[in-house]
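*Asks:* quick one, structure for this:
(one chain, ligands or ions: 1)
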Amino acid sequence: MPGDFESMWSDLAPVGRSAATGGYFRQPWLPAELELRAWFREAAAARALEVEEDPFGNLVAWWDPPQPAAGGAGSVLTGSHLDSVLDGGAYDGPLGVVSAFAALDVMRERGVVPVRRLGVSAFVEEEGSRFGRACLGSRLAVGATSWADARELTDRDGVRLGDVVEGGTSALLRGVETYVELHVEQGRGLVDRDAAVGAGSAIWPHGRWRYDLAGRADHAGTTRMEDRADPMLTYAMTVLAANKQARLAGQRATFGRVEVRPNGTNAVPSRVTAWLDARAESSEALALLTAAVERQSRERAERDGTRVDVTRESLSGEVSFDAALTGRVARDLPVLPTQAGHDAGILQAAGIASAMLFVRNPTGVSHAPDEHAGTDDCLAGVAALADALIVLVA
Ligand SMILES: [Zn+2]
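*Replies:* The predicted structure is shown next:
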């Protein structure tokens with residue numbers, strides 16, 4: 001017995017956890033995440049699964065059937081990601097990977113002999129916490145992002161992605177026809193439905209926009225208020241506009257990251273760079289929302305004597321998960337949409353039938369240290385995943 005769900009979970013619990021906040025820092029290819037990758041290889045080895053890693057660092061541990069199909073045709077993948085947002089929770093990502101290994105154990109205990117290849121996957125840089133692109137690993141694996149573009153992405157220290165991984169072409173998903181991702185719920189939909197586990201119907205369209213606001217650096221004391229070109233004012237107004245527009249439309253808009261230059265207490269800043277994360281129930285609604293924020297930002301910039309440049313860094317359209325697969329995975333579970341992006345959305349958009357299972361999160365808090373799922377609910381998730389996979393690999 002290679003270790004049950006709870007022992008695997010307690011092995012991972014200390015990795016990358018901040019003593020100060022209780023949150024996790026598991027950015028890709030930095031020490032905590034490298035430790036998780038080593039753990040993944042050990043978990044695979046303990047189950048005699050062969051690990052395949054593509055040139056971007058995406059991992060799959062394969063359970064081969066006695067008579068594999070040529071080229072792995074009809075393969076089934078299940079898993080999630082191991083990286084976290086900065087100061088994130090324990091569950092977002094690793095719950096799906098640990099549950100995948102646990103579900104595979106359940107299947108073996110029940111004597112299941114797969115007809116199809118089953119892979120436990122961990123896609124890299126799902127959160128975009130280091131190189132700024134969400135779902136970067138899965139986008140590269142399906143070819144939705146080209147390596148020529150991705151290799152030039154840099155982290156906050158100026159390290160290029162191309163200097164961290166080899167890059168090239170991924171063959172990891174050849175033959176994969178089905179993907180099931182189990183994930184902690186990032187809202188209170190299951191709490192409201194009084195259910196431990198549910199399935200996903202669709203992912204809202206979402207994207208990231210970089211706002212470069214340029215003004216003029218100056219002395220905080222000697223420069224009269226009316227003589228300033230202060231991009232911080234433009235930024236402040238832009239944040240308020242984003243919040244108001246999203247509220248009015250019932251959508252989501254967040255400025256969660258900002259960089260200020262020169263970042264001195266006694267200086268009017270010369271430049272503010274900030275990132276807008278926006279999500280909406282339809283692509284049209286998202287376009288309206290982001291256009292309204294940009295328009296108000298530009299109006300304010302005129303009054304402030306500053307300049308606004310808006311660059312779209314990523315955009316994902318609405319993704320509806322495969323209805324037939326979702327029906328097989330969900331059975332009598334509640335089915336609900338999500339405002340969060342996932343690798344399952346990237347794979348579905350690339351033509352791989354995908355479905356998601358969600359595990360109840362009592363507070364609904366996610367991307368923060370308070371993210372949580374109870375052990376009983378996690379085990380219910382493992383059981384639901386195992387039941388679904390038994391059908392899918394037959
Ligand atoms: Zn996630």
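*Asks:* and the closest residue to the ion within the stretch 201-350 of the chain, what does it touch?
*Replies:* The stretch 201-350 of the chain approaches the ion most closely through His342 (5.9 Å), counting by Cβ to the ion. (Glycine included, C-beta is placed from N, CA and C.) His342 sits next to Ser80, Glu126, Cys135, Glu181, His183, Gly200, Ile203, Met356 when contact means Cβ atoms under 8 Å, 6 or more residues apart in numbering.
*Asks:* so which bits of the stretch 1-150 of the chain are right by the ion?
*Replies:* With the criterion set to Cβ under 5 Å from the ion, the stretch 1-150 of the chain comes near the ion through Asp92, Gly93.
*Asks:* please enumerate the helices of the stretch 1-150 of the chain.
*Replies:* 5-12, 31-46, 94-109, 136-142, 147-150 (DSSP state H, counting those that start in this stretch).
*Asks:* dump these into TSV; add mean neighbour count as well.
*Replies:* Shown next, in TSV, are these (neighbours: other Cβ atoms under 10 Å):
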stretch	mean neighbour count
helix 5-12	16
helix 31-46	18
helix 94-109	24
helix 136-142	28
helix 147-150	15
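*Asks:* can I get those helices in TSV including distance to Arg300?
*Replies:* Shown next, in TSV, are these (distance: least, Cβ to Cβ, whole Å):
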stretch	distance to Arg300
helix 5-12	45
helix 31-46	39
helix 94-109	41
helix 136-142	32
helix 147-150	32
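*Asks:* including mean pLDDT and distance to Asp322, could these go into JSON lines?
*Replies:* Shown next, in JSON lines, are the helices of the stretch 1-150 of the chain (pLDDT from 0 to 100; distance: least, Cβ to Cβ, whole Å):
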{"stretch": "helix 5-12", "mean pLDDT": "96", "distance to Asp322": "27"}
{"stretch": "helix 31-46", "mean pLDDT": "98", "distance to Asp322": "26"}
{"stretch": "helix 94-109", "mean pLDDT": "98", "distance to Asp322": "17"}
{"stretch": "helix 136-142", "mean pLDDT": "97", "distance to Asp322": "15"}
{"stretch": "helix 147-150", "mean pLDDT": "95", "distance to Asp322": "27"}
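*Asks:* how about the residues of the stretch 251-394 of the chain near the ion?
*Replies:* Of all the residues in the stretch 251-394 of the chain, none lies near the ion, going by Cβ under 5 Å from the ion.
*Asks:* and the helices in the stretch 251-394 of the chain, which stretches?
*Replies:* Remark: helices assigned in the stretch 251-394 of the chain by DSSP H, counting those that start in this stretch are 283-304, 323-330, 343-349, 375-392.
*Asks:* how about low-confidence regions in the protein?
*Replies:* By pLDDT under 70, the weakly predicted segments of the chain are 1-3.
*Asks:* about what we covered before: among the helices of the stretch 1-150 of the chain, which is nearest Val115?
*Replies:* helix 94-109 (12.4 Å; Cβ to Cβ).
*Asks:* what is that closest one packed up against?
*Replies:* helix 5-12, helix 31-46, strand 75-81, strand 118-123, strand 176-184, helix 375-392 (3 or more Cβ pairs under 8 Å, 6 or more residues apart in numbering; DSSP states H and E).
*Asks:* rerun at 7 Å
*Replies:* On a contact count with 3 or more Cβ pairs under 7 Å, 6 or more residues apart in numbering; DSSP states H and E, helix 94-109 meets helix 5-12, strand 75-81, strand 118-123, strand 176-184, helix 375-392.
*Asks:* buried deepest among the ones you listed, which one?
*Replies:* strand 118-123 (a mean of 29; mean count of other Cβ atoms under 10 Å).
*Asks:* thinking again about what came up before, adding distance to Ser146, write the helices and strands packed on helix 94-109 out as CSV.
*Replies:* Shown next, in CSV, are the helices and strands packed on helix 94-109 (distance: least, Cβ to Cβ, whole Å):
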stretch, distance to Ser146
helix 5-12, 33
strand 75-81, 21
strand 118-123, 17
strand 176-184, 20
helix 375-392, 31
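*Asks:* residues contacting Gly198?
*Replies:* Gly189, Leu190, Leu333, Pro334, Val335, Leu336, Phe358 (Cβ atoms under 7 Å, 6 or more residues apart in numbering).
*Asks:* what is the nearest of those to Leu172?
*Replies:* Nearest to Leu172 among the contacts of Gly198, with distances taken as Cβ to Cβ, is Phe358, at 24.8 Å.
*Asks:* in stretch 64-73, what's buried?
*Replies:* By 16 or more other Cβ atoms under 10 Å, the buried positions in stretch 64-73 come out as Asp64, Pro68, Gly72.
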